[in-house]
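S.K.: the following block contains a protein sequence and its predicted model.
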Amino acid sequence: MVRVRFAPSPTGFFHIGGARTALFNWLYARHMSGTFILRIEDTDRERHMEEATSVILSGMRWLGMDWDEGPEVGGKYGPYFQSQRDDIYGEYLEILRRNDKVYEQDGAIYFRVSREPQLIDDLIRGQVYRVEEKDFVIFRSNGTPVFHFVNVVDDVAMEISHVIRGEDHLSNSSKHVELFKAFGAPVPKFAHIPLILKTNGSGKMSKRDVGALVEDYRKSRFLPEALRNYLCLLGWSPKDDREIMSIEEVIQLFDLCDVNRNNARFDDKKLAYMNAAYVKSMPLERFLEKGKDLLPNFGGDEHYADQVLTICQEKLRSFEELNHFVSYFFDEEFEYEERAWSDLKKRDPLLRISELLEVIENMEDFSEQGLEEAVVKLAEEHAVKTGDYIHAVRFALSGRTVGPSFYKMIVVMGRERVARRLKRALSGK
RNA sequence: GUCCCGUUCGUCUAGUCUGGUCCAGGACACAGGAUUUUCAUUCCUGCAACAUGGGUUCGAAUCCCAUACGGGACGCCA
C-alpha cells in the first residue's frame, strides 16, 4: 500500500518548488491508488505563524490537490501538526535511549551515527550510498525536537512507504536511514526529485525570486490548471510529444521512475504560453463566469458582458489583461492611444469614419456579414483598402488598435452605441 | 574544503536501462513567410544541442574511466 506525504513547514509562503514536490507526491498517490497525507512540520515554534498554514492549504486546493489525511480532514494517524505530537516524540526518544543510541551534551540530545555507508534506495537516482560522519542533535537544549528526528518518527508512525522530496534532502537521507534503522523500522523507498532553478542567474529558486510563490500566480490570474500542467512537465514528461494534458491523463501515466535526474530551470514564457492555451480552450460557460468575476463595472447588463467576453476569448492570453482588453466596451470615457492616432491620421481617417457611419446608420442587414460586405463595397468605391476603414473606425470606437474581431465588435456594441461614438469622434478629433 | 547528485538546441524535454532505425525528435523563445482586420490568433518555414578527453565495440548521445562545469548538503533551520 502506497502512503506518501507532503510535509511543508508553515513559513507564510507556498513556494513553487514545494508545490511541485506536493504535486509529484499527489500524482504518485493517485496513480498508485495510494494515500496522500499532508503533514505540517511546525516544530520551529519561533517562526510559526497562525495563517501560515492556511496559505499552504488554500494553495494546495487552488492547484487541485486534495489530501486523504491531514489538517481539516483528519485521519487515524493524526494529529497532523508536529507541534501536537510531543507524546509520540517522547516515546520514540525512549526507544533510542533503551538501545543506547543517544547521549546528552550541553543540554542537547545527540544521536550516535554508525559511520557505516548507508544505502539510500532511490527510485529516481538508483542506489546511493553515503556515510554520515558526525553525530547530530535530535533534541535542542530547550527540549524541542529537530527536523531530522520528527520527520523520521512521523514517517515511521504514519507508515510512509515512499519519501518523495527535493534533491536538497538527499544528503540528509543518510541521517534519516540511520534513524529508521535505530527505531527498528522498515526504511522507505526514496525519490529525490530535481530542484527548480532560478529563471535567471545561478542556484535554486528562492522565496525572494520573482515568480517563486504560488500566491503570485494566483494574484496574476493564472489558471491553476495551466500552472499545474506546467509544473508536471518540470522534471517529468509523458515520453511522447504531449504537453497540454488533462490531470487524468497525467495521473494515468505518472511514475517516479520516469522523473528526470537533472535540475530544471523555470521558464515563465512557457508557462505564459500554456496559460494562453488554457484560456483559449476553456469552455465558454466557464470563461464567461470567470470573466464576469473579474470585470468590476460591466454595469449589470449581463447579456452585453457575455457577448463582449465571447468575442474576446480567442484573443485573450491571460485573465490578468482582461480588464484592460475590454474596458472600453463598458466605459464611454475610454482613452485614446495617441501613438496609434499618429499612424492613422495620414489615411483620411475622418473621411473613412463618416463614410462608414452613414452606411451603418442606414443599412438593413446589421450583421457581421452585412458589415463586411459594406466595408468591402465602400473600399472599392473609394479605391482604398478595407483596412483604412477598419483601423480608423476601430480607433474611434475603442481608442486602440488592438481588439477582438472588428465586425463582431461592431455588432456586439450595437448600432446606437457605435453611431454615437463615431459622431463624437468626428466632432472631437 | 569534505561528501552526494547531475550534464542532449537559449529554456523544458524525447532518445540512454535493452549500443545500430538519431548526420538526434517535439515544445517554448527567437527569425522569416502565409491567412486575417493593423496588433493578436492560426498555419508554414528556419535557427539551434549529444560538456571535454580517453577507452570498450564492426558501430556510442547511449556502456566504462578521467577531467571540466553545474547543483545540493555539511545548523541546537526545515
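M.R.: Looks like it arrived, so ask away. Numbering: from 1, shown residues only, chains lettered A, B, ... in the order given.
S.K.: and the contacts of stretch A:262-273?
M.R.: A:16, A:167, A:194-199, A:204-205, A:211, A:222, A:226-227, A:230, A:234-235, A:317-318 (CB atoms under 8 Å, 6 or more residues apart in numbering). Every C-beta, even on glycine, is put in place using the N, C-alpha and C of the backbone.
S.K.: span of it from start to end?
M.R.: Separation of the first and last residues of stretch A:262-273 by CA to CA, to the nearest Å is 23 Å.
S.K.: and RNA strand B, which of the contacts of stretch A:262-273 contact it?
M.R.: Residues shared between the contacts of stretch A:262-273 and the neighbourhood of RNA strand B are A:E167, A:P194, A:L195, A:L197, A:K204, A:L234, A:G235, A:R317 [CB under 7 Å from any atom of the strand].
S.K.: from those residues, which would you call buried?
M.R.: Listed as buried from these are A:E167, A:P194, A:L195, A:L197, A:K204, A:L234, A:G235; burial here means 16 or more other CB atoms under 10 Å.
S.K.: pLDDT-wise, what's the bottom of those residues?
M.R.: Within these, A:K204 has the lowest pLDDT, namely 90.
S.K.: so of the contacts of stretch A:262-273, which ones are in helices?
M.R.: A:I16, A:A226, A:L227, A:Y230 (DSSP state H).
S.K.: mind picking the two most distant members of the residues you listed?
M.R.: A:I16 and A:A226 (13.5 Å; CB to CB).
S.K.: ok, A:A277 - contacts?
M.R.: A:A226, A:I244.
S.K.: tell me the secondary structure for the residue in chain A sticking out farthest from the centre?
M.R.: Residue farthest from the centre of chain A, counting by CA atoms, centre = their mean, is A:E381 at 53.0 Å. Recorded secondary structure, A:E381: helix (DSSP: H, G, I helix; E, B strand; the rest coil).
S.K.: name the nearest of the ones next to RNA strand B among the contacts of stretch A:262-273 relative to A:E72.
M.R.: A:L234 (28.0 Å).
S.K.: in space, what's closest to A:W26 - neighbours in sequence excluded?
M.R.: A:M65 (4.6 Å; CB to CB, 6 or more residues apart in numbering).
S.K.: need the pLDDT of that neighbour.
M.R.: 98.
S.K.: what's the neighbour count on it?
M.R.: 22 (other CB atoms under 10 Å).
S.K.: I figured it was touching A:A22, is that so?
M.R.: Yes: counting by CB atoms under 8 Å, A:A22 is a contact partner of A:M65 at 5.9 Å.
S.K.: how near is A:C257 to A:V326?
M.R.: Per CB to CB, to the nearest Å, A:C257 is found 47 Å from A:V326.
S.K.: which of these two has more neighbours?
M.R.: A:V326 (23 against 7).
S.K.: let me see the contact set for that one.
M.R.: Neighbours of A:V326 in contact, by CB under 8 Å, 6+ apart: A:L295, A:V308, A:L309, A:C312.
S.K.: give me the subset of those residues that lies in helices.
M.R.: Short answer: the contacts of A:V326 in helices (DSSP H) are A:V308, A:L309, A:C312.
S.K.: sorry, back to before: who's more crowded, A:I16 and A:A226?
M.R.: A:I16 (25 against 22).
S.K.: my guess is the more buried one meets A:L231, correct?
M.R.: Yes: proximity of A:I16 to A:L231 meets the contact threshold set by CB under 8 Å, at 7.5 Å.
S.K.: in a markdown table: the ones in helices among the contacts of A:V326, plus distance to RNA strand B.
M.R.: Converted to a markdown table, the ones in helices among the contacts of A:V326 look like this (distance: CB to the nearest atom of the strand, whole Å):
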| residue | distance to RNA strand B |
| --- | --- |
| A:V308 | 14 |
| A:L309 | 16 |
| A:C312 | 10 |
